[in-house]
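Undergrad: Provided below for reference: sequence and predicted model.
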Amino acid sequence: MGLRPILLAVLATASLACSSGASRPAASGQPIPPQQVQSRTLNIAVRAEPVSLASVSVDSTGLSDRSTTRLFNAELELQDPSEAAHPYLAEGLPQLNTESWQVTPDGRMQTTYRLKPNLQWHDGNALSAEDFLFAWRVYASPEFSPSALPPINQMEEVQAPDSQTVVIRWHRPYPGAGALYEKFQPLPRHILEPIFRQGTLDNVAKHAYWSTEYVGLGPYRLVRWEPGALIEAVAFDAHVLGRPKIDRLVVKFISNENTALANMLAEEIDYATSVTLRYEQALTLEREWQSNRAGTVILIPIQPRFIQFQLRPEVASPRAILDLRVRRALAHTIDKPGIDDALFDGKGAVTDTMLHRRIPYFSDIDRAITKYAHDPRRAEQLVNEAGLTKGADGIYLQPGGERLAAEFWGDAGTQFERELAAIADGWLRSGIETRQQLITTSQYRDGELRSSFPAMYSTASGTATEDFLSILTSAQIPAPANRWVGNNRGGWNNAEYERLWDTFNTTLDRSARNRVAADMEKLVSEELPMLMLFHNFHVVAHLSRLQGPDPRALRDLMVWNVHTWEMR
């Protein structure tokens with residue numbers, strides 16, 4: 001069966017299941033009894049149970065949802081949908097070449113933040129500049145993943161000259177120093193410092209503070225975490241921007257897209273975040289809501305989907321995947337427009353670039369990179385040059401006569417499974433056999449497992465902004481020493497890319513940084529440690545009774561103003 005018939009069948013099944021009204025699926029997929037509507041409760045659906053509620057986690061697994069962490073956290077700055085910075089915990093933001101942001105002749109910098117008065121943690125304890133100093137000490141510990149990434153690895157020292165002043169000394173220029181957003185958050189000394197002082201960092205990482213006992217500064221305060229089911233929170237009265245207008249919220253974990261769809265249509269869910277629903281569920285919602293205007297669907301083509309290649313010799317199998325000619329041949333056999341037509345009715349955002357086309361200097365990147373058009377004949381030439389020949393059944397044989405069969409991993413989910421099948425079918429028709437394996441939502445947490453794929457892994461990133469460029473740095477290679485944390489799961493390690501990334505993060509001139517970013521993309525397109533496919537749709541849906549989600553946002557920033565949302 002082709003991809004289009006499968007898509008139609010899924011949509012029809014979802015619509016019938018939802019329209020019957022026989023039962024209302026809960027987070028577990030089982031029927032739940034009718035509940036009395038609480039006009040002051042916001043029900044949110046997320047795809048996976050978070051590992052941590054912190055904006056910056058010491059043990060990140062690559063599984064994150066800013067729509068969730070935003071609810072519980074506040075940082076020095078707040079980012080709006082245009083990605084502009086606004087003071088949040090700070091009274092003002094550092095401005096370059098002023099007293100608040102100084103650059104010395106030797107290249108060092110200093111930025112200064114003055115905290116707003118009377119700030120409180122969710123447990124009522126006062127926030128102090130010392131909490132930022134303590135956070136830096138934790139995050140800068142080499143055992144924790146933030147220590148190897150900007151901005152933490154650029155910080156020379158954090159000082160707290162008084163309880164309201166945070167001073168950050170930088171050992172070299174860092175262009176993002178004036179707007180750190182969620183990359184640097186304070187940590188409550190009164191909770192974590194006694195454990196940190198014991199010197200057993202593993203106890204810090206595994207402490208319940210990060211999850212079921214979380215204490216933050218954001219608009220909502222955690223009151224209950226039911227593992228495998230939901231998180232319950234209430235409005236934080238002392239939130240720095242004012243108490244949220246919605247009193248209570250429940251974040252439900254719903255891993256199945258059609259279950260989330262059914263809950264939306266049954267009005268058990270008010271807001272579905274950007275990784276909960278996929279394009280086919282969005283079509284159903286739009287059709288169902290067209291007449292009754294019960295809700296709004298927002299489609300944002302922003303999530304990068306790509307194939308990573310396994311480049312660690314001790315893991316790679318078959319060995320042919322280490323040959324650049326074979327990787328380029330694989331790229332030439334993928335019909336991206338055909339996949340777009342099957343998955344998104346031709347309305348998707350096929351891409352050859354890591355960064356999104358909405359960045360101001362996209363044209364420079366687009367001109368610089370190497371592109372791989374669908375060209376089976378060129379693919380065959382490349383495979384032959386690599387010393388592979390076709391057997392009698394049309395499948396390529398390796399030099400020793402063994403069939404070229406590679407494992408092709410992908411994320412579980414109806415859309416992703418169709419994507420995987422389409423790519424694998426194209427490869428098979430070109431003579432490259434694959435065995436497909438799906439990574440479930442629960443396996444997504446296992447960094448060691450996700451780094452053990454032998455050949456190819458089709459997956460996604462949460463952002464197409466410049467942060468995505470870090471995905472291929474050596475600091476992002478998962479290993480036992482860093483608790484298998486990192487997104488460079490193929491283990492690509494390129495000295496020139498490292499140099500460019502370092503330059504990108506120490507160059508204050510915007511035009512120069514743009515050129516470096518283009519050079520980084522060019523290198524990736526030539527060496528193919530990963531192959532970009534398309535920018536997947538982030539699907540956000542909410543009922544009409546919920547007022548406030550900001551449709552201008554490119555990423556999960558739609559919840560940036562959650563404290564102003566209202567239920568009507």
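TA: Yep, that arrived.

Undergrad: Please make it C-alpha for all contacts and neighbour counts, starting now.
TA: Fine.

Undergrad: so what's Arg319 up against?
TA: Pro313 (CA atoms under 8 Å, 6 or more residues apart in numbering).

Undergrad: so how far is Val240 from it?
TA: Distance, Arg319 to Val240, using CA to CA, to the nearest Å: 56 Å.

Undergrad: can you check Gly387 too?
TA: From Gly387 over to Val240 (counting by CA to CA), the distance is 64 Å.

Undergrad: more neighbours, those two?
TA: Val240 (19 against 13; other CA atoms under 10 Å).

Undergrad: wait, isn't the more buried one in contact with Glu91?
TA: No: the pair Val240 / Glu91 is not scored as a contact, 10.9 Å apart, by CA atoms under 8 Å.

Undergrad: Any idea which residue is closest to the centre of this structure?
TA: Geometric centre of the chain, nearest residue: Gly462, 2.1 Å, by CA atoms, centre = their mean.

Undergrad: Ignoring the adjacent residues along the chain, who's closest to it?
TA: Excluding the flanking residues, the one nearest Gly462 by CA to CA, 6 or more residues apart in numbering is Gln303, at 5.9 Å.

Undergrad: and that neighbour, what helix or strand is that in?
TA: strand 295-309 (DSSP states H and E).

Undergrad: go on, Leu261?
TA: Leu261 belongs to helix 257-265, assigned by DSSP H and E.

Undergrad: Quickly run through the sheet partners of the helix or strand just after that helix, with directions.
TA: As assigned by DSSP H and E, the chain's next helix or strand after helix 257-265 is strand 271-272. Sheet pairing for strand 271-272, assigned by DSSP bridges, gives strand 41-46 (parallel), strand 530-543 (antiparallel).

Undergrad: between those strands, which gets the lowest average pLDDT?
TA: Looking over those, mean pLDDT reaches its minimum on strand 530-543, with a mean of 93.

Undergrad: any idea how far that one is from the chain center?
TA: Centroid separation between strand 530-543 and its chain, computed with CA atoms, centre = their mean, to the nearest Å, is 11 Å.

Undergrad: what does stretch 304-312 give?
TA: 15 Å.

Undergrad: all helices of the stretch 201-350 of the chain, in order?
TA: For the stretch 201-350 of the chain, applying DSSP state H, counting those that start in this stretch gives helices covering 201-205, 257-265, 279-292, 324-332, 336-344.

Undergrad: Mean neighbour count, these: which tops it?
TA: For the helices of the stretch 201-350 of the chain, the largest average neighbour count (mean count of other CA atoms under 10 Å) is found in helix 257-265, namely a mean of 25.

Undergrad: and it, what's its mean pLDDT?
TA: The average pLDDT within helix 257-265 is 96.

Undergrad: cool, stretch 466-478 as well?
TA: Mean predicted confidence for stretch 466-478 is 93.

Undergrad: which parts of it are buried?
TA: Leu469, Ser470, Ile471, Leu472, Thr473, Ser474, Ala475, Gln476, Ile477, Pro478 (16 or more other CA atoms under 10 Å).

Undergrad: give the contact list for the fifth one.
TA: Going back to what we said before, that points to Thr473. Thr473 neighbours (CA under 8 Å, 6+ apart): Asn488, Trp492, Asn493, Asn494, Tyr497, Glu498, Trp501.

Undergrad: between the residues you listed, which is nearest Ala392?
TA: Here the nearest of the contacts of Thr473 to Ala392, counting by CA to CA, is Trp492; it sits at 34.8 Å.

Undergrad: Contact partners for the closest one?
TA: Trp492 neighbours (CA under 8 Å, 6+ apart): Gln310, Leu311, Arg312, Leu472, Thr473, Ser474, Ile477, Pro529.

Undergrad: mind putting those residues in CSV, distance to Tyr444 included?
TA: Shown next, in CSV, are those (distance: CA to CA, whole Å):
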residue, distance to Tyr444
Gln310, 17
Leu311, 20
Arg312, 20
Leu472, 19
Thr473, 21
Ser474, 21
Ile477, 16
Pro529, 21
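
Undergrad: Report the distance from stretch 100-110 to the chain centre.
TA: In terms of CA atoms, centre = their mean, the gap separating the centre of stretch 100-110 from the centre of its chain is 32 Å.

Undergrad: Which residues are in contact with Ser452?
TA: Taking CA under 8 Å, 6+ apart, we find Ser452 in contact with Val315, Arg489.

Undergrad: Check for me that it belongs to a helix.
TA: No: using DSSP: H, G, I helix; E, B strand; the rest coil, the secondary structure at Ser452 is coil, not a helix.

Undergrad: Check the gap between it and Ala316 for me.
TA: Applying CA to CA to Ser452 and Ala316 gives a distance of 9 Å.

Undergrad: got it, and Arg108?
TA: Counting by CA to CA, the gap from Arg108 to Ala316 is 42 Å.

Undergrad: So which of these two has more stuff around it?
TA: Ranked by neighbour count (other CA under 10 Å), Arg108 and Ala316 place Ala316 first, with 20 against 17.

Undergrad: what's the residue lying closest to the more buried one once chain neighbours are set aside sitting at in phi/psi?
TA: In space, and not counting its chain neighbours, Ala316 is closest to Pro454: 4.8 Å by CA to CA, 6+ apart. Backbone torsions of Pro454, given as degrees, to the nearest 10, read phi -80, psi -30.

Undergrad: got it, and Val167?
TA: Main-chain torsions, Val167, degrees, to the nearest 10: phi -120, psi 130.

Undergrad: In this structure it contacts Leu115, no?
TA: No: counting by CA under 8 Å, Val167 does not reach Leu115; the two are 10.9 Å apart.

Undergrad: count of residues packed around the residue lying closest to Glu182 once chain neighbours are set aside?
TA: In space, and not counting its chain neighbours, Glu182 is closest to Ser55: 5.5 Å by CA to CA, 6+ apart. Neighbourhood size, Ser55 [other CA under 10 Å]: 24.

Undergrad: Run through the bridge partners of Phe537.
TA: Pro301.

Undergrad: Can you get me a residue count around it?
TA: 23.

Undergrad: which residues touch it?
TA: Contacts of Phe537 (CA under 8 Å, 6+ apart): Arg278, Tyr279, Leu299, Ile300, Pro301, Ile302, Gln303, Gly348.

Undergrad: shaky segments in the stretch 451-568 of the chain?
TA: 464, 553-556 (pLDDT under 70).
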